[in-house]
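In: any chance you could fold what I've pasted below:
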Amino acid sequence: MKRVVVHEPGGAEQLVVEDVPTPEPGPGEVRVDIAASGVNFVDVYFRTGLYRAERPIAIGSEAAGTVSAVGPGVSGIAVGDRVAYAMVRGSYATHAIVPAAQLVKVPEPLALDVAAAALLQGMTAHFLVRSTFPVEPGHSCLVHAAAGGAGGLIVQMARQRGARVIGTVSTAAKAEEARALGCDEVINYAERDFDVEVQRLTGGRGVDVVYDSVGRATFDRSLRVLRPRGMLVLFGQSSGPVPPIDPQVLNTHGSLFLTRPTLSHYVATPEELRWRATELFESILAGALTIRIAKRYPLADAAEAHRDLESRRTTGKLLLVPQA
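Out: Below is the predicted model of the structure:
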């Protein structure tokens, strides 16, 4: 089999393709022949060393494919099943060993590449909108990177739940994309200060919640656009990690709530994992959610995929297609 690993953390050039023996699943495990693997910012964090891991660092945390072997003690999953998974590293590969408890079945009408494109960011959007800050009719939301993969799904889900959605983007083209996804208002932060615009658009009230995947570049101003007792949901750091803050700042801006959630804590049981994945896949099949695949790359071009992701020139999802 082939896999992409990192021996020394650093730039995209550190991603290397290796040939290694195809593994056999152990107890409670399944081998998946990967049809498509999602490219996500969490992969960049592991590649650069921002998130620490044992070397060689396995890259990739999301994939869909077909079961080719089942280990002892596995029930409910058989060879030939179409499955997807997230939060198990090592998906930049032609094959992967995955705990059976972390697999979800892909319904037959849904293409495997769409499942791979949707699962991690889709379940992230689901827990953010349904659980971290449960969006209800009448709420107002600010979504940073509203034309991106996760941002675009948050926009769609928040609108479906009756919220007013304001999105931030960096280009005119992304502004059009964000509007098409359902943003009521779009702010191009390359042209206008988003904090000033949000206060204008809300009549000085501020928004109920900010979904921020950008981090360092937006954090301080995100706090300033919240209403009293609003919530800042920081779920990424594409511009870099946020420096330490004095909790008194939350009081100063109106007794605010700040949370830094991660998907693994919101799919902590097989039941919760299946609930989120099932609702996500059903919404896609019903046409209620649009999954945008921007580009597909072979494994050998994983570095190019990372450069494209980090440049923020893309909208929608980037995929690796290992078997191509």
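
In: buried residues in stretch 112-129?
Out: Neighbour-count burial for stretch 112-129 flags 112-129 (criterion: 16 or more other C-beta atoms under 10 Å). Placement of C-beta: from N, CA and C, glycine included.

In: separation between the residue most central in space within the chain and Val44?
Out: Centre of the chain computed as the mean C-alpha position; nearest residue by C-alpha atoms, centre = their mean is Gln121, 3.0 Å away. Distance of Gln121 to Val44, given as C-beta to C-beta, to the nearest Å: 14 Å.

In: again with Val70
Out: Distance, Val70 to Val44, using C-beta to C-beta: 33 Å.

In: and the residue lying closest to Leu299 once chain neighbours are set aside, helix, strand or coil?
Out: Distance criterion C-beta to C-beta, 6 or more residues apart in numbering; nearest residue to Leu299, sequence neighbours excluded, is Pro322 at 5.1 Å. The three-state assignment at Pro322 reads coil, by DSSP: H, G, I helix; E, B strand; the rest coil.

In: and the pLDDT for Pro322?
Out: pLDDT recorded at Pro322 is 90.

In: I'd assumed Gly38 was in contact with it.
Out: No. Under the contact definition of C-beta atoms under 8 Å, Pro322 does not touch Gly38, with a separation of 11.9 Å.

In: and Cys34, that one's in a strand?
Out: Quick fix: residue 34 reads Ile, not Cys. Yes. Checked against three-state DSSP, Ile34 lies within a strand.

In: which residues touch Val135?
Out: Shown in contact with Val135 (C-beta atoms under 8 Å, 6 or more residues apart in numbering): Val129, Cys141, Met157, Ala158, Arg161, Gly162, Ala163, Val209.

In: emit the PyMOL select command for whichever of those are buried.
Out: Remark: buried members of those, expressed as a PyMOL selection using 16+ other C-beta under 10 Å:
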select buried, resi 129+141+157+158+163+209
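
In: and the contacts of Val135 as CSV, adding pLDDT?
Out: Shown next, in CSV, are the contacts of Val135 (pLDDT from 0 to 100):
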residue, pLDDT
Val129, 98
Cys141, 98
Met157, 98
Ala158, 98
Arg161, 97
Gly162, 97
Ala163, 98
Val209, 98
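
In: so Phe119 makes contact with Met87?
Out: Not quite, residue 119 is Leu, not Phe. No. Using C-beta under 8 Å, Leu119 makes no contact with Met87, being 9.4 Å away.

In: overlap of the contact sets of those two?
Out: Listed as contacting both Leu119 and Met87 by C-beta under 8 Å, 6+ apart are Glu62.

In: any stretches of the stretch 51-200 of the chain with poor pLDDT?
Out: Within the stretch 51-200 of the chain, no stretch has pLDDT under 70.

In: rewinding a little: burial count for the residue nearest to Leu299?
Out: Around Pro322 there are 28 other residues, counting by other C-beta atoms under 10 Å.

In: now it: how far from Gly60?
Out: Using C-beta to C-beta, one obtains 9 Å as the distance from Pro322 to Gly60.

In: anything in contact with each of these two?
Out: Taking C-beta under 8 Å, 6+ apart as the contact rule, Pro322 and Gly60 both touch Ser37, Tyr92, Ala93.

In: export the helix or strand harbouring the first one as CSV, just CAs?
Out: So that's Ser37. Secondary structure assignment for Ser37, by DSSP states H and E: strand 29-39. This file holds the C-alpha atoms of strand 29-39, laid out as CSV (Å, rounded to 0.1, in the frame of the first residue of the first chain):
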residue,chain,number,x,y,z
GLU,A,29,-10.6,-3.3,13.6
VAL,A,30,-11.5,-3.1,9.9
ARG,A,31,-9.4,-2.5,6.8
VAL,A,32,-10.8,0.1,4.5
ASP,A,33,-9.8,0.5,0.8
ILE,A,34,-9.9,4.2,0.6
ALA,A,35,-11.8,5.8,-2.3
ALA,A,36,-11.3,9.4,-1.2
SER,A,37,-9.7,11.2,1.7
GLY,A,38,-10.6,14.7,2.8
VAL,A,39,-8.0,17.5,3.1
